[in-house]
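# how would this look folded up:
(2 chains)
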Number of protein chains: 2
Amino acid sequence: MHFKIAFIGFGTVGQGLTEILLEKKDMLVEKYDFHYKIVAISDIMKGAVYDENGLDVKKILDLVKTGKKLDRYPNGVKGMDSTATIKETNADTIVEVTFTDVKTGEPALTHIKAALDAGKNVVSTNKGPVVKQAVELLDMAAKNNVHYGFEGVVLAGTPALNLARYTLAGNKITGFKGILNGTTNYILTRMEEGMSYDDALKKAQDLGYAEADPTGDVEGFDALGKVVILSNVVLGKNLSWKDVERQGITEITREDVEKAKAEGKRWKLIGSAEVQSDDSVKAKVWPEKLSLSDPLAGVCDAINALTYYTDELGPVTIIGPGAGRRETGFSLLIDLLEINRKSTEKTVIKKVA
Amino acid sequence: MHFKIAFIGFGTVGQGLTEILLEKKDMLVEKYDFHYKIVAISDIMKGAVYDENGLDVKKILDLVKTGKKLDRYPNGVKGMDSTATIKETNADTIVEVTFTDVKTGEPALTHIKAALDAGKNVVSTNKGPVVKQAVELLDMAAKNNVHYGFEGVVLAGTPALNLARYTLAGNKITGFKGILNGTTNYILTRMEEGMSYDDALKKAQDLGYAEADPTGDVEGFDALGKVVILSNVVLGKNLSWKDVERQGITEITREDVEKAKAEGKRWKLIGSAEVQSDDSVKAKVWPEKLSLSDPLAGVCDAINALTYYTDELGPVTIIGPGAGRRETGFSLLIDLLEINRKSTEKTVIKKVA
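Residues are numbered from 1 along each chain as shown, chains lettered A, B, ... in the order given. The predicted structure is shown next:
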């Protein structure tokens, strides 16, 4: 496929994807017949630029990395806002990576709807819209014969959603259990090595894992959003925030961690959901003491992991990074490659027919 | 797609797939537009039956489970051998699950070539042909515009190969490391609980994990075959048996296991390969003492696990069953669903065009 891509938002994740696209340009053509031009970028802080023939990606990255506005780019149309960029450019695929309120899903939700409505593919790492309206947005994409990809909203570029959709297809997935938040797992790992909760949190903040206000991570809200997403997208349910029980890690002490260690166990913040016999789902985020023979127990530092419970294979677990500039940027390439694969298979047949 | 399937071989794995196809018939139609008839079965011990309109799957399973020959099936053509079943029936897809010598790859290799040559899809759990000629057979399938699927040869139905091919696409995979043999992992787990090697082996034999002559498992030959397959299929190399260093678990004593435990470590039989700076590959099967923070260390009993080393995501690990009647049978459904997905996407476009 020959993609014409527009970025709505151009922060670290968008730049991460752009670097990957630039570095892997030849490989993508050779291995996947994947071609692209980035035709537009619109960012509320960095400005906007549009060239229907494609922007010089290297120049764009140089501008942004030296803190300059996109208006300094030598050619193209400047100043288009996100709506105009979605609707009025020749882009066929929108990379939606704005800074978005995870509770309301805005402004990403509006952007995604506008793009799907205009018959454009969307790939996005924004959790909010998926938490709020995954089912509706996927329906909307299907009706418009385009693709809405959001692999990165759970476990970043570790392919948790693709694993369920493609490689575990044919199984009935009856539940899941995972370490869905890297920051809390980092803190618990440090506590097991002897640090206090406060020191471990401080270190996570120094490393950029935890924000100044760490509530979203340590009280389990981030993991909760992912439990909602997995319940709705993988288990086919229709949960919202309030349907999930939640407890964070703030009440776990060094003594609790030591005691668990003595028992050959480890505390982990677990997000889980289980389909019940009446087809409802029981979902929660909760600290659990895992035995060392549980595959999730060995998952340390900021790494994430997810176990799916399947009817044919029993538990199947995937472990990988859950955050990071390149790792999350890469999740968008997974989505783009999925669009490309469908399109390429179509193209082959058109030639044969 | 409307599959017309022929089974070459009808042992536990073939029966496992047949049970899954029977139980999931409606789900497969509804969810994947996957339709099938089993038109032929040819097994060297159980006999052969062919009906171009499709066999009654339940009747077939009843016959086989009560130890009766397929000649007792009420209708159809009896007595066709495997070659005739591949070439002269109306089957479009061959499930190759014969009892095959893993060293020579025969008779599976001959069957697979005949089927691909006749323009039929092949799905198979036989390791031998993949160890010997994966690259040639995949080329042959591509030339004939058909599919050769063998997801089950590594980690049974745990989607190790599909994970690399689809969901990790876009990464450069530079190596892998895995627990690729369930029997040895079962023995090591029991030894860690206090059993001697001999008692643990005996128990593995009682449970049907290990054969009467356990050499293939405990000396690392089974894992070695999988290292060759992964090196050639995932890393794109061209290794054969002799290119892989090998040591089994027979020299590991209870004392070694205890000592590791005291160090907070665990012995595992690890199969690994790593692409070197000169693009060659260093591959081996070897017992390793893993730290408990290694995701592979927590993998106990007969479970398998595989870590891929990737350029964008770092290590990504999948953990799941590596054997079993249904679990291996299910791997064939993964391959069939892949054929179906390609075909369905083609069909949709034909309608649109």
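
# domains of chain A?
What automatic domain parsing lists as the domains of chain A is A:2-156+A:326-352, A:162-321.

# and the longest one, average pLDDT?
Rounded to a whole number, the mean pLDDT of domain A:2-156+A:326-352 is 94.

# with stretch A:162-172 instead?
Here the average pLDDT along stretch A:162-172 is 93.

# how about A:T310, what does it touch?
A:168, A:171-174, A:316 (C-beta atoms under 8 Å, 6 or more residues apart in numbering or on different chains). Heads up, the C-betas are built off the backbone N, CA and C, glycines and all.

# of those residues, buried ones?
A:168, A:171, A:173, A:316 (16 or more other C-beta atoms under 10 Å in any protein chain shown).

# restrict those residues to those near chain B?
When contact is defined as C-beta under 8 Å from any C-beta of the partner chain, the buried ones among the contacts of A:T310 meet chain B at A:168, A:171, A:316.

# and A:D71, how close does it get to A:L63?
Counting by C-beta to C-beta, to the nearest Å, the gap from A:D71 to A:L63 is 9 Å.

# with neighbour numbers in mind, choose between these two.
It is A:L63, of A:D71 and A:L63, that has more neighbours when counted by other C-beta atoms under 10 Å in any protein chain shown, with 19 against 13.

# picking that back up, reformat the contacts of A:T310 into JSON lines and put secondary structure next to each item.
Conversion of the contacts of A:T310 to JSON lines gives the following (DSSP: H, G, I helix; E, B strand; the rest coil):
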{"residue": "A:L168", "secondary structure": "coil"}
{"residue": "A:N171", "secondary structure": "coil"}
{"residue": "A:K172", "secondary structure": "coil"}
{"residue": "A:I173", "secondary structure": "strand"}
{"residue": "A:T174", "secondary structure": "strand"}
{"residue": "A:V316", "secondary structure": "strand"}
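
# let me know the closest of the residues you listed to A:W267.
A:V316 (23.7 Å; C-beta to C-beta).

# what's across from the closest one in the sheet?
A:V316 forms beta bridges with A:Y308, as assigned by DSSP bridges.

# right, and it touches B:T317 too?
No - using C-beta atoms under 8 Å as the test, A:V316 is too far from B:T317 to be in contact (11.3 Å).

# does the closest residue to chain B within the stretch 201-350 of chain A count as helix, strand or coil?
Per C-beta to the nearest C-beta, A:G298 is where the stretch 201-350 of chain A lies closest to chain B, at 3.6 Å. Per three-state DSSP, the local secondary structure of A:G298 is coil.

# what's the burial count for it?
By the criterion of other C-beta under 10 Å, A:G298 has 26 neighbours.

# tell me the contacts of A:G320?
Going by C-beta under 8 Å, 6+ apart, A:G320 touches A:155-158, A:303-305, B:313-317.

# tell me where the stretch 201-350 of chain A has strands.
Along the stretch 201-350 of chain A, the segments classed as strands by DSSP state E, counting those that start in this stretch run A:245-246, A:265-275, A:281-291, A:303-310, A:314-321.

# of all these, which one is nearest A:R254?
strand A:265-275 (10.9 Å).

# packing partners of that closest one?
strand A:173-179, helix A:182-192, helix A:221-233, helix A:254-262, strand A:281-291 (3 or more C-beta pairs under 8 Å, 6 or more residues apart in numbering or on different chains; DSSP states H and E).

# pipe these into TSV and attach distance to B:M80 per row.
Listed next are the helices and strands packed on strand A:265-275 as TSV, based on distance: least, C-beta to C-beta, whole Å:
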stretch	distance to B:M80
strand A:173-179	39
helix A:182-192	57
helix A:221-233	46
helix A:254-262	62
strand A:281-291	49
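
# who wins for proximity to B:E23 among these?
Taking C-beta to C-beta, strand A:173-179 is the member of the helices and strands packed on strand A:265-275 nearest to B:E23, at 15.2 Å.

# what packs against that closest one?
Using 3+ C-beta pairs under 8 Å, 6+ apart, strand A:173-179 sits against helix A:221-233, strand A:265-275, strand A:303-310.

# just put those in a markdown table and tack on mean pLDDT.
Output for those, formatted as a markdown table (pLDDT from 0 to 100):
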| stretch | mean pLDDT |
| --- | --- |
| helix A:221-233 | 97 |
| strand A:265-275 | 97 |
| strand A:303-310 | 97 |
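
# spatially nearest residue to A:A204 (excluding sequence neighbours)?
A:A210 (4.0 Å; C-beta to C-beta, 6 or more residues apart in numbering or on different chains).

# up against chain B, what does the stretch 251-353 of chain A have?
A:292-300, A:303, A:305, A:312-321, A:326-327, A:330, A:333-334, A:337, A:341-342, A:345-346, A:349-350, A:353.

# please indicate which of those residues are buried?
Buried among those by 16+ other C-beta under 10 Å: A:292-300, A:303, A:305, A:312-321, A:326-327, A:330, A:333-334, A:337, A:341-342, A:345-346, A:349.

# for A:T93, find the nearest of the helices and strands packed on strand A:265-275.
When the helices and strands packed on strand A:265-275 are compared by C-beta to C-beta, helix A:221-233 sits nearest A:T93, at 20.6 Å.

# buried ones in stretch A:86-104?
For stretch A:86-104, by 16+ other C-beta under 10 Å, it's A:86, A:89, A:91-98, A:100, A:102.
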